[in-house]
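K.L.:
let me see the structure of the following:
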Amino acid sequence: MSSSSYETWSKDELIARLQELEGSNNSLQNSTAKSLARKRPDSSLLAPSTRQSNKFDFASYPRRKIALKFCYSGWEYNGLAYQLKPTPLPTVEGVIFDALTRTRLIDPAAGYDGCSWEKCGRTDRGVSAAGQVISLWVRTPLSTPPRTSKPELDYVAILNRVLPPTIRILAWSPVSPTFSARFACKCRHYKYFFSSERLDISKMRDAASRLLGLHDFRNMCKLDPAKQITIFDRKILRADIDPVDPSTSAATSSMYVLNLIGTAFLYHQVRHIMAVLFLVGRGLEHPSVVTSLLNTKEGIESSQPGELHEVVDSKPQYQMADALPLMLWDCMYSDDDVDWRTDGYESRSDQSNDSTEDGRGIYHLLHSTRSRSQIYLALNQHFLDAASIFFPEPWATNKEGVVGIRFGGNVMIETPLGGGTSRKLQQYVPLLKRKRLDPVYVVNERWRNGKGFRRDQRRMADGENEEE
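P.N.:
Got it, this is the predicted structure:
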């Protein structure tokens, strides 16, 4: 009977027809599942939870400690560090951990602690990395010392097969059992990219040069009272502002990058530094403001003769720069600690490193991504060109000679924040005249007596419950 006559069917006939359709659907699902199972490329890459009948015994395999160097697009993730609570976007560590468990390189039941997971430096939501490093213990076919002719696992290819294209493992290194990706790092190199439009690069370079050396950066970071930090001295080894394209002259380049290398960094330190440099480049602050913000105690001499600087012992209120243009470019280690490899234990001269079949087509993938980004740039430029036919450029200079944006009959001051973002102000208040945040010791004490006290009480209660 055709479906067009369903309205004439009795209740029993309709129930029988539904049962018949459900049976057909179940048969189709079973057939599809069997077909997919036959097409599954490599059952060894599946997580143990998906093959309960053949549970993977991690204890029967030797382990070795390795370091992984990888890159990722920060705007796709909710930061690097895994979180105990749900996040709007996945975290980079969470995705890599899942890839390691899916390929059975680590035991998911043991968690992060079970493989001694350590990261070199934490990046927040929106921040990218080209040379991030983690260290951990992984499964290996080799005993220690090696007593087998089996080659080492090709960690780069294995992981890149299952990772999304926005995360790429670039290299791996065997490391000693005591190696720490965090504490063995000699220094880290950050890059912050920005357009030079309406910015004085020479003044920004003057300001950046004042960062060199060992300084107290409490006024150029975000205070995190949960860490109870009292020492804010950090050493900057390099602070240069260069054209992004080295072959382009400074006179014609429009894209620049701050190259900042230091032995250690504070929370949001680079983004705060960049926010101050933007104010200097726009002419709203003198380069000497950097020296003043670093002058947190009496008796600190200025590197510039003839300049007088007040003591700034607590941070003025200002907004840090946008996260999108920030990249952790490299984490640097001693050659005695790491030996970066791409092909596993044995070299494979007969195979191309650009082969997508072994998960190693990294260069081609990233080259294609860049080419696509260039298309977006051309499209956006043409959108702007189309709008310019009907709308004039909004920028103008006010009576103080500061570049701003026309708004009605006035010119509003624009303070750049990087990544195409900015703030519009009716009136600009110099940094050193702004309201100051509470001193570090006050912020730390308030946290200890508030959130810290409540946290300790919860931990004590949890400990008592566990003992019971």
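K.L.:
touching, K451 and Q228? I think so.
P.N.:
No. K451 sits out of contact with Q228 when judged by CB atoms under 8 Å, with a separation of 11.5 Å. Backbone N, C-alpha and C define where each C-beta goes, glycine included.
K.L.:
sec struct for K191, please.
P.N.:
Secondary structure state of K191, per DSSP: H, G, I helix; E, B strand; the rest coil, is strand.
K.L.:
give me the helices and strands touching the one helix or strand L214 maps to, please.
P.N.:
With elements taken from DSSP states H and E, the one containing L214 is strand 213-216. Secondary structure elements in contact with strand 213-216, counted by 3 or more CB pairs under 8 Å, 6 or more residues apart in numbering; DSSP states H and E, are strand 233-243.
K.L.:
I'd like the average pLDDT over the strand it packs on.
P.N.:
Looking at strand 233-243 alone, the average pLDDT works out to 97.
K.L.:
start at 12, not 1
P.N.:
Done: numbering now begins at 12, and the last item shifts to strand 244-254.
K.L.:
how about the helix or strand following that strand: buried residues?
P.N.:
From strand 244-254 onward toward the C-terminus, using DSSP H and E, the following helix or strand is strand 266-273. Within strand 266-273, the residues that count as buried by 16 or more other CB atoms under 10 Å are 267-273.
K.L.:
could you check the angle strand 266-273 makes with strand 244-254?
P.N.:
With axes from the mean of the first three to the mean of the last three CA atoms, to 10 degrees as the basis, strand 266-273 and strand 244-254 are set at 160 degrees to each other.
K.L.:
quick one: the strands in the stretch 262-411 of the chain?
P.N.:
Here the stretch 262-411 of the chain has its strands, by DSSP state E, counting those that start in this stretch, at 266-273, 337-343, 406-408.
K.L.:
dump those to CSV, plus mean pLDDT and distance to P97.
P.N.:
Rendered in CSV, the data for these read as follows (pLDDT from 0 to 100; distance: least, CB to CB, whole Å):
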stretch, mean pLDDT, distance to P97
strand 266-273, 97, 33
strand 337-343, 98, 25
strand 406-408, 87, 43
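K.L.:
residue contacts, the residue nearest to H226 when sequence neighbours are not counted?
P.N.:
Nearest in space to H226, with sequence neighbours left out and distances taken as CB to CB, 6 or more residues apart in numbering, is L305 at 4.4 Å. Under the criterion of CB atoms under 8 Å, 6 or more residues apart in numbering, the contact partners of L305 comprise 221-222, 226-228, 230-231, 311.
K.L.:
separate out the buried members of the residues you listed.
P.N.:
In those, burial by neighbour count holds for 221-222, 226-228, 230-231, counting by 16+ other CB under 10 Å.
K.L.:
now L147, what's its secondary structure?
P.N.:
Secondary structure, three-state DSSP: L147 is strand.
K.L.:
mind checking how far it is from M423?
P.N.:
51 Å (CB to CB, to the nearest Å).
K.L.:
cool, and S220?
P.N.:
In this structure, S220 and M423 are separated by 31 Å, where distance is defined by CB to CB.
K.L.:
what's the answer for A218, then?
P.N.:
For A218 relative to M423 (CB to CB), the value is 24 Å.
K.L.:
of these two, which one has the most company?
P.N.:
Applying other CB atoms under 10 Å to A218 and M423 shows that A218 carries more neighbours, namely 25 against 17.
K.L.:
quick one, what contacts the more buried one?
P.N.:
With the criterion set at CB under 8 Å, 6+ apart, A218 makes contact with 287-288, 291, 298, 300-301.
K.L.:
export these to a markdown table and tack on distance to R199, neighbour count and pLDDT?
P.N.:
Written out in a markdown table, the entries for the contacts of A218 read as follows (distance: CB to CB, whole Å; neighbours: other CB atoms under 10 Å; pLDDT from 0 to 100):
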| residue | distance to R199 | neighbour count | pLDDT |
| --- | --- | --- | --- |
| V287 | 20 | 25 | 98 |
| L288 | 19 | 30 | 98 |
| V291 | 24 | 22 | 97 |
| P298 | 25 | 22 | 96 |
| V300 | 25 | 22 | 96 |
| V301 | 20 | 26 | 96 |
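K.L.:
tell me the pLDDT at L32?
P.N.:
Looking at L32, its pLDDT is 70.
K.L.:
ok, A334 - how many residues close by?
P.N.:
Around A334 there are 21 other residues, counting by other CB under 10 Å.
K.L.:
for it, grab phi and psi.
P.N.:
phi -80, psi -30 (degrees, to the nearest 10).
K.L.:
sorry, back to before: what is the nearest of the buried ones among the contacts of L305 to A78?
P.N.:
Distances from A78 to those, taken as CB to CB, are shortest for F228 (28.0 Å).
K.L.:
that closest one: what's it in contact with?
P.N.:
With CB under 8 Å, 6+ apart, F228 has these contacts: 243-245, 277, 280, 305.
K.L.:
could you check how far it is from A250?
P.N.:
With the distance defined as CB to CB, F228 ends up 12 Å from A250.
K.L.:
also V301?
P.N.:
V301 sits at a distance of 10 Å from A250 (criterion: CB to CB).
K.L.:
between these two, what contacts are shared?
P.N.:
Residues within reach of V301 and of A250 at once, by CB under 8 Å, 6+ apart, are 219, 222.
K.L.:
going on from the helix or strand where V422 lies, what's the next piece of helix or strand?
P.N.:
V422 belongs to strand 421-429 when elements are defined using DSSP H and E. The helix or strand immediately downstream of strand 421-429 is strand 432-436, counting by DSSP H and E.
K.L.:
that next one pairs with which strands?
P.N.:
Strand 432-436 sits in its sheet next to strand 421-429 (antiparallel), going by DSSP bridges.
K.L.:
could you check the angle strand 337-343 makes with the strand it pairs with?
P.N.:
Taking the same axes, to 10 degrees, one finds strand 421-429 and strand 337-343 inclined to each other by 30 degrees.
K.L.:
surely Q437 meets M423?
P.N.:
Yes. Using CB under 8 Å as the test, Q437 is close enough to M423 to be in contact (6.3 Å).
K.L.:
who's in contact with K214?
P.N.:
When contacts are counted by CB under 8 Å, 6+ apart, K214 is found next to 291-292, 294, 298.
K.L.:
ok, L428 next?
P.N.:
Residues in contact with L428 (CB under 8 Å, 6+ apart) are 286, 289, 330-333, 434.
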